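A.B. asks: Sequence and computational prediction follow.
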Amino acid sequence: MIVNVWFALLQTQTPGLPEHRVSDIFRPLATPGTAEKNIALLTLAITGAIFIVVGGLIAFTIWRFRRKPDDNSRQEPAQVYGSNQIEVAWTVIPILIVFVLIGVSARVIAGVQNASPPPSMLKVRLIGHQWWWEVQYPDYGFVTANEIHVPITSESKTATYLQLESLDVIHSFWVPQLAGKTDLIPNRVNYMWIDPQEPGIYLGNCAEYCGTQHANMLLRVVAEPKADFGQWVAEEQKPAATDGRVAEGKAAFESLACVNCHTVKGTPSIGKFGPDLTHLMSRQTLASGVLTNTPQHLRAWVNDPQEIKPGCLMPSMKLTDRPLDQVVSYLESLN
């Protein structure tokens, strides 16, 4: 089932935005990713050259000193007991290679981690939960989940600085085409930055084993033109949509324990344990990327989350058909 869901997930695409379905670290589209790609290529080139030299010498030795068909001698060949030149070479050359790699790595790490923020900077606070991502935009005053919307840097000259935290165990943020992995550690704040150059949907995931559903703790970075990002921010800042046609569903939702875990801005639902649902239907996925966000998947998720994501912390409410339909209808109105 998971394979089928993942395949379907990769086929979804937001109109107007290309989706980078293959998270290729060798096709970076942001400055940190490019720097890390270059050092990876340098390391591969050096280690590849070492492999070719060592492997070539071994192959040559095997061929050159093999026993000939007409050689009936049982005498061992002349033995070499030491060579100062060879010993100096295989000591000094590896040390130089190691120092080169250390120096280049230190320079890249410092360049990525200590980069000065540009005059225009988007701040995002990312909090890891078992097993989903809480995404806060402190300068704009709203919270979303599992999708990070950012403006493309090539147009807005705005880099995105991420404040990384964890509420429970160690998680790790990784979007391969944008930057390397950075851990989210309880009681510690880490930082990283990204500056996507092209609009698109960049797929990422948690890269640190964090429990049963670690493999299904997925995320997306949606990089979009500045105007589209501004429009998305304006929509997210609005309170939850009010639709009189789903008044029964709203009442049913607020009568359940859902309000203790979820926030719906502008309503009595102010729970902080689960994702903010204020604009649930504007997101592309459910359950941190496990399902595409469709009415059918939403109903299945509300009906029994444990069937779809075993071990997740959202319980099944054991609703009968009518209240289930009412709650789902209300959630579908949250655009």
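C.D. replies: Structure's in. What do you need?

A.B. asks: Just say helix, strand or coil for Glu134.
C.D. replies: At Glu134, secondary structure determined by DSSP: H, G, I helix; E, B strand; the rest coil is strand.

A.B. asks: Look up how far Asn146 lies from it.
C.D. replies: To Asn146, Glu134 is 9 Å away according to Cβ to Cβ, to the nearest Å. Every C-beta, even on glycine, is put in place using the N, C-alpha and C of the backbone.

A.B. asks: got any residues that touch both of the two?
C.D. replies: Pro275 (Cβ atoms under 8 Å, 6 or more residues apart in numbering).

A.B. asks: contacting residues for Asp243?
C.D. replies: Ser333.

A.B. asks: Quick check, pLDDT for it.
C.D. replies: Predicted confidence (pLDDT) for Asp243: 76.

A.B. asks: now Ser156
C.D. replies: 67.

A.B. asks: what about the chain, any weak spots by pLDDT?
C.D. replies: The model of the chain has pLDDT under 70 over residues 1-23, 73-74, 117-118, 156.

A.B. asks: Quick check: longest helix in it by residues?
C.D. replies: helix 31-64 (DSSP state H).

A.B. asks: Name the residues of that helix that come out as buried.
C.D. replies: The neighbour-count check on helix 31-64 (16 or more other Cβ atoms under 10 Å) flags 31-37, 39 as buried.

A.B. asks: counting contacts, what elements does that helix pack onto?
C.D. replies: For helix 31-64, the contact count by 3 or more Cβ pairs under 8 Å, 6 or more residues apart in numbering; DSSP states H and E identifies helix 84-113, strand 190-194 as packing neighbours.

A.B. asks: got the angle between it and strand 190-194?
C.D. replies: Counting by axes from the mean of the first three to the mean of the last three Cα atoms, to 10 degrees, helix 31-64 lies at 90 degrees to strand 190-194.

A.B. asks: any idea of the angle helix 31-64 forms with helix 84-113?
C.D. replies: 160 degrees.

A.B. asks: still on that earlier bit, any chance of CSV for the buried residues of helix 31-64, columns distance to Arg188?
C.D. replies: Converted to CSV, the buried residues of helix 31-64 look like this (distance: Cβ to Cβ, whole Å):
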residue, distance to Arg188
Thr31, 25
Pro32, 20
Gly33, 24
Thr34, 27
Ala35, 24
Glu36, 22
Lys37, 28
Ile39, 26
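
A.B. asks: Of those residues, which is the nearest to Ser288?
C.D. replies: Gly33 (22.5 Å; Cβ to Cβ).

A.B. asks: residues contacting that closest one?
C.D. replies: Per Cβ under 8 Å, 6+ apart, neighbours of Gly33: 25, 176-180.

A.B. asks: Just give me how far the longest helix of the chain sits from the chain centre.
C.D. replies: 29 Å (Cα atoms, centre = their mean, to the nearest Å).

A.B. asks: hey, what's Asn205 bridged with?
C.D. replies: Trp174, Leu218 (DSSP bridges).

A.B. asks: That'll do, ta.
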